[in-house]
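Chemist: Below are the sequence and a predicted model; questions follow.
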Amino acid sequence: MDYNAQLKLQALLDGELPEAEVSEVTNWVARDREAAALLEELRNTRGALAGFEAEVRLPESREFFWSKVEREIQRLEVPAPKPVRESYLALFRRFLVPASAVAAVLVAGLMLTRPTGPYGRTAVASIETALAGSGAFTYRDYSAGTTLVWLSYPADTEVAENDEMGTIE
Amino acid sequence: MRAKLISVTGLLGFSTALALFAGGELRVQAADMKFQVFLLWGTDDSKPPEGKTYKPVTAEIKQKLKELPLKWANWFEVNRKDFAVPQGAVSEVAMSEKCQVNVKKLAGSEVEVSLIGKGKEVMKRKQSLPTGEMLVLGGNAPNSTAWLVVLKRIE
Amino acid sequence: MAAFEELVARHRDRIYARAYSMMRNEEEAVDLSQEAWVKGWQRLAQFQGESSFGTWMTRIVINLCLDQLRKHKRHRAESIEAMSEESGGVERQMPVVTVNPTAGLEQGELRQRIDQALGQLSYEHRTSLVLHEFEDMEYKEIARTMGCSIGTVMSRLFYARRKLAVLLADLKNRDSV
């Protein structure tokens, strides 16, 4: 049995054989005992693997694992420190060395064309959804037609302060 | 005589067309969006707190909430209201002393939903909300419970 | 964050199982699962719902595992056996295994044997098998994920299955002696 024929048996099992070849290979399997045996072996192996992962469990408790994930998310979300803004005088002095008229003109030209905003950032496009706090989370289930928007409202500190029933009313 | 008949017929025909058109326009304008909105309380306790008469949510809502990543075992209905929103108008629906939902009908299935908490706007969102679909807004409440505002479009 | 925690709780075992099947190392699988969840959080805005959330997350952990496995490969000395596995000539000489490897085995025993057998495959062969059998990916999707041709996927899958059948049969024979 040549190698390509063997691969066709596999493709037949996996439903990946081109439509035009299916009946030809099926007929061959019906006639050829070796081919039938190989197909059976492939089928048995697939059967053995079915459900293999079903009982696999993450070997850490829910709380412990989540605490690690949460810590890492928070660590990565710490905002970068804002750059120290140089005074215009310090900036001018810095570009004065080497002192040259051309450089000074260039610096003046650069300063005149600096983008607006304190750190040269362009305006952020307005967002459609204004959300309370930075912990908002949106989840969409397209098949069920449901959208969940989880807000950090009321703030966690407020929740702790008002730790009694009925405050949603 | 004949000319008079023609002009009367023509006038009648025109008036009928106008009435039909106007009626159609009115019918378009009258197609308000209809909603149900629920204020729910989520808890792992099997019943509401002492003195509160919240009832368990409907089976439909329960099933929808089960499909969402929400960890609370039980949901109770604090309040429920049905309302309609005409085109271009805003319906303001008070769900409790502290909670109000404003819904504005935009073009097609689009709506703009605002959540007002203690008199302040805490959220505004624009999205498509076809008939049968739900928008669920939620957050933490005291004692490890949760609140939800569930807006369901019914028409 | 509470809603995301719930998603983690619901899908953590599946994500870990995928990582473990690919990495064959518990510690690495836990670390990669954790990394996948962090990436999932960062990319949540990109989740369009075109697949289920679990499937989307699984794709993230698969890619992380593949990156890690490629790093491992660079450090690993190529053995002759590994090279012949890659070239795909070995499986043509393996006799057909006629005994069903699941026959007479309890689920736990079978799982243990499969676990052992999977550990003996190279990462390319094991990954092809995992992606096809556990992730239900088609050949072309596996090819895209692994960065190879469909022909290579078919060869690797064929080799992996044949090798697995022989290993399971060997383990069965050994245990019955």
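Modeler: Here it is on my side, so go on.
Chemist: Of all residues in chain C, which one is closest to chain B?
Modeler: Chain B sits closest to C:Glu6 of chain C, with a gap of 3.9 Å, by CB to the nearest CB. Placement of C-beta: from N, CA and C, glycine included.
Chemist: Excluding sequence neighbours, find me the nearest residue to that residue.
Modeler: Closest residue in space to C:Glu6, ignoring its immediate chain neighbours: B:Pro69 at 3.9 Å, by CB to CB, 6 or more residues apart in numbering or on different chains.
Chemist: tell me the contacts of that neighbour?
Modeler: For B:Pro69, the contact set (CB atoms under 8 Å, 6 or more residues apart in numbering or on different chains) comprises A:Tyr139, A:Leu148, C:Ala3, C:Phe4, C:Glu6, C:Leu7, C:Arg10.
Chemist: What count of nearby residues applies to C:Lys39?
Modeler: A count of neighbours around C:Lys39, defined by other CB atoms under 10 Å in any protein chain shown, yields 16.
Chemist: what about it, distance to C:Gln46?
Modeler: C:Lys39 sits 10 Å away from C:Gln46, going by CB to CB, to the nearest Å.
Chemist: likewise C:Arg24?
Modeler: C:Arg24 is 30 Å from C:Gln46, by CB to CB.
Chemist: More neighbours: which of the two?
Modeler: Each of C:Arg24 and C:Gln46 has its neighbours counted (other CB under 10 Å); C:Arg24 has more, 17 against 8.
Chemist: per-residue pLDDT, that one?
Modeler: pLDDT recorded at C:Arg24 is 91.
Chemist: In this structure it contacts C:Gly119, no?
Modeler: Yes - between C:Arg24 and C:Gly119 there is a contact under CB atoms under 8 Å: 5.1 Å.
Chemist: Tell me which stretches of chain C form helices.
Modeler: Secondary structure of chain C (DSSP state H): helices located at C:2-23, C:26-42, C:53-75, C:80-87, C:107-119, C:123-129, C:139-146, C:150-176.
Chemist: which bits of chain B sit near chain A?
Modeler: B:39, B:41, B:49, B:52, B:64, B:67-70, B:78, B:96-99, B:115, B:117, B:121-127, B:130, B:132-143, B:147 (CB under 8 Å from any CB of the partner chain).
Chemist: Now the buried members of those.
Modeler: B:39, B:41, B:64, B:68-70, B:78, B:96, B:98-99, B:115, B:117, B:122-125, B:127, B:133-142, B:147 (16 or more other CB atoms under 10 Å in any protein chain shown).
Chemist: Give the closest residue to C:Val38 in space, chain neighbours not counted.
Modeler: Computed as CB to CB, 6+ apart, the closest residue to C:Val38 that is not its neighbour in sequence is A:Glu72, at 4.9 Å.
Chemist: secondary structure class for the one you found?
Modeler: Here A:Glu72 is recorded as helix under DSSP: H, G, I helix; E, B strand; the rest coil.
Chemist: Make sure it is actually in contact with C:Lys39.
Modeler: No - if you go by CB under 8 Å, A:Glu72 and C:Lys39 don't touch, sitting 10.2 Å apart.
Chemist: Domain-wise, how is chain A divided?
Modeler: Segmentation of chain A into domains, based on automatic domain parsing, reads A:3-49, A:84-115, A:132-169.
Chemist: measure the longest one end to end?
Modeler: Terminal residues of domain A:3-49 lie 24 Å apart, using CA to CA, to the nearest Å.
Chemist: again with stretch B:42-57
Modeler: Note: stretch B:42-57 ends 10 Å apart using CA to CA.
Chemist: Show me what counts as buried in that stretch.
Modeler: Buried, per 16+ other CB under 10 Å, within stretch B:42-57: B:Gly42, B:Thr43, B:Pro48, B:Tyr54, B:Val57.
Chemist: Residues in contact with that stretch: which ones?
Modeler: A:165-166, B:38, B:40-41, B:62, B:65, B:70, B:72-78, B:138, B:141, B:144-148.
Chemist: related to what we said a few turns ago, the residue nearest to C:Val38: neighbouring residues, count only.
Modeler: Quick note: A:Glu72 (other CB under 10 Å) scores 15 neighbours.
Chemist: for the chain, what spans make up the helices?
Modeler: This is for chain A. A:3-14, A:19-31, A:33-49, A:62-77, A:88-96, A:101-112, A:156-161.
Chemist: ah, no, chain B please
Modeler: Counting by DSSP H, chain B has helices at residues B:2-30, B:59-66.
Chemist: among those, which gets the worst mean confidence?
Modeler: Minimum mean pLDDT among the helices of chain B: helix B:2-30, a mean of 50.
Chemist: Enumerate every residue touching the closest residue to A:Leu76 other than its chain neighbours.
Modeler: Counting by CB to CB, 6+ apart, A:Leu76 lies nearest to C:Val38, which is 6.8 Å off, once chain neighbours are set aside. Residues counted as contacts of C:Val38 (CB under 8 Å, 6+ apart) are A:Val69, A:Glu72, A:Ile73, A:Leu76.
Chemist: how close does C:Val38 sit to A:Arg75?
Modeler: Distance from C:Val38 to A:Arg75, by CB to CB: 9 Å.
Chemist: coming back round to it: just the closest of the buried residues of stretch B:42-57 to chain A, please.
Modeler: The closest of the buried residues of stretch B:42-57, once distances to chain A are taken by CB to the nearest CB, is B:Pro48, at 8.4 Å.
Chemist: If I look at that closest one, what pLDDT would I see?
Modeler: So, for B:Pro48, pLDDT stands at 86.
Chemist: and it, backbone torsions?
Modeler: phi -70, psi 170 (degrees, to the nearest 10).
Chemist: related to what we said a few turns ago, I'd like the contacts of B:Pro69 as a markdown table, with pLDDT and neighbour count appended.
Modeler: Formatted as a markdown table, the contacts of B:Pro69 follow (pLDDT from 0 to 100; neighbours: other CB atoms under 10 Å in any protein chain shown):
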| residue | pLDDT | neighbour count |
| --- | --- | --- |
| A:Tyr139 | 76 | 21 |
| A:Leu148 | 86 | 23 |
| C:Ala3 | 87 | 20 |
| C:Phe4 | 91 | 21 |
| C:Glu6 | 92 | 18 |
| C:Leu7 | 92 | 20 |
| C:Arg10 | 93 | 13 |
